[in-house]
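# Sequence below, structure please.
(one chain, ligands or ions: 1)
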Amino acid sequence: LPEHDIVVLDEDDFDRNRIRYVATWGPKPGSLSHLPALEAVFSLGAGVDHLMSYQGLPDVPIVRVSQDDLTHRMSEYVVLHCLMHLRDQRRFDAAQRAKHWDQDRAPPIASEVRVGVMGSGVLGQDAARKLKVMGFDVAAWSRSPKSSDGYEIFSAEEGLAAFLARTDILVSLLPLTPETRGILNRSLFGKLARDGRLGGPILINAGRGGLQVEEDIVACLDDGTLKAATLDVFQTEPLPQDSPLWTHPQVTVTPHNSAVSDAEMTARYIAGQIRRHEAGEPFQNVVDPRRGY
Ligand SMILES: NC(=O)c1ccc[n+]([C@@H]2O[C@H](COP(=O)([O-])OP(=O)(O)OC[C@H]3O[C@@H](n4cnc5c(N)ncnc54)[C@H](OP(=O)(O)O)[C@@H]3O)[C@@H](O)[C@H]2O)c1
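As a prediction, the model looks like this:
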């Protein structure tokens, strides 16, 4: 954006009256206040929970990042981990370390395994479509009713129990909002299908750490309510050294990198949105602060 001056908040000296756009992840208290010329705030990620908790959010469009590279990375992660659980790959990793030839059974095939994707937005839809291509029996869950070619979408509180009852692998791609905080808890895990081919329900959370109750995950893994979990996001990040999740034999931990936004692509996206706006076009991927996503 050569026609614009760019400053770094909290580092550069600048005139607050001239700031038209802010790009931020988690703004410090007060940093978005007293910007009279502000036209939009860009979230530097797909999620906006860090922004939504800002006290006194300015009354301008809040635009989030939604780009193909991020979406494709997330679907790669979801498909990878669904396949990993389908094929019990962690067991073969352990067998290899023990030099043990562990060839004793045919695993189920994907069509015998029911994946339930929580969140049927940009990420959930792409992941669901690609899981279908791999043969999984897919369904999704969203806040509002919607339909999709090829898989069922359950919605709202009314649809949740039926969605969980047909789910062997639960994939969470929800935004963190007041409604979804702590949703991945013992009560919900207890409603997952127990008659599946994988020997117990499996959780994959790549949405946000605040969605999950980690104490419940560990307890449910220990008592068999859950069979295994893949977690990319955590209540506290980086995951504290003393978290039992690090060493739990049934847990796969990744460092919130299922779908990292590429800095250059994010910059291009934001520049593109500013150009659209200045050409009189509406911003894309505008967040609704009342819904929180
Ligand atoms: N781990 C990572 O690296 C990473 C990277 C990128 C994003 N993320 C997370 O992924 C989240 C989803 O991204 P997205 O681009 O797919 O968002 P999105 O397009 O806004 O989709 C959100 C989906 O969640 C559903 N939803 C929201 N609140 C709900 C509720 N209370 N009950 C049921 N469904 C609800 C929405 O339902 P409706 O369709 O009815 O609106 C929608 O289907 C982001 O918010 C972010 O937190 C994580």
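
# what residues are up against whatever residue of the stretch 151-293 of the chain ends up closest to the ligand?
Nearest to the ligand, among the residues of the stretch 151-293 of the chain, is Pro175, at 3.1 Å (Cβ to the nearest ligand atom). In this view, the C-beta of every residue, glycine as well, is placed from N, C-alpha and C. By Cβ atoms under 8 Å, 6 or more residues apart in numbering, the contact set of Pro175 is 47-49, 119, 121, 207-208, 292-293.

# ok, now with 7 Å
Pro175 makes contacts with 47, 49, 207, 292-293, as judged by Cβ atoms under 7 Å, 6 or more residues apart in numbering.

# cool, Gly159 as well?
Trp141.

# My reading is that it lies in a helix. Confirm?
Yes - applying DSSP: H, G, I helix; E, B strand; the rest coil, one finds Gly159 inside a helix.

# Tell me how far it lies from Thr225.
22 Å (Cβ to Cβ, to the nearest Å).

# starting at the chain centroid, how far to the helix or strand harbouring Ala267?
Using DSSP states H and E, Ala267 sits in helix 263-278. Put simply, helix 263-278 sits 22 Å off its chain's centre (Cα atoms, centre = their mean, to the nearest Å).

# average pLDDT across that helix?
Throughout helix 263-278, pLDDT has a mean value of 96.

# Quick check: buried residues in it?
For helix 263-278, burial by neighbour count (16 or more other Cβ atoms under 10 Å) applies to 266, 269-270, 273-274, 277.

# quick one: the strands in the stretch 151-293 of the chain?
Taking DSSP state E, counting those that start in this stretch as the test, the strands found in the stretch 151-293 of the chain are 152-155, 169-172, 202-205, 228-231, 251-253.

# winner for burial among those strands?
strand 169-172 (a mean of 28; mean count of other Cβ atoms under 10 Å).

# what's next to it, contact-wise?
Under Cβ under 7 Å, 6+ apart, the answer for strand 169-172 is 78, 82, 85, 113, 115-119, 127, 184, 192, 201-207, 211.

# That one pairs with which strands?
In the sheet, strand 169-172 lines up against strand 114-118 (parallel), strand 202-205 (parallel) (DSSP bridges).

# Let's see the first one as CSV, backbone CA atoms only.
In other words, strand 114-118. The C-alpha trace of strand 114-118 is given here as CSV (Å, rounded to 0.1, in the frame of the first residue of the first chain):
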residue,chain,number,x,y,z
ARG,A,114,-18.6,-41.3,11.6
VAL,A,115,-16.8,-37.9,11.8
GLY,A,116,-18.8,-35.0,13.3
VAL,A,117,-17.5,-31.5,12.5
MET,A,118,-18.5,-28.9,15.0
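
# Now that strand: average pLDDT?
99.

# Which neighbouring elements make contact with the following helix or strand past it?
Sequence order places helix 122-133 as the next helix or strand after strand 114-118, per DSSP H and E. On a contact count with 3 or more Cβ pairs under 7 Å, 6 or more residues apart in numbering; DSSP states H and E, helix 122-133 meets helix 68-86, strand 114-118, strand 137-142.

# My guess is Tyr293 contacts Val48. True?
Yes - counting by Cβ atoms under 7 Å, Val48 is a contact partner of Tyr293 at 6.4 Å.

# how about the contacts of Pro175, which pair is most distant?
The most widely separated members of the contacts of Pro175 are Gly207 and Gly292, with 13.1 Å between them, by Cβ to Cβ.
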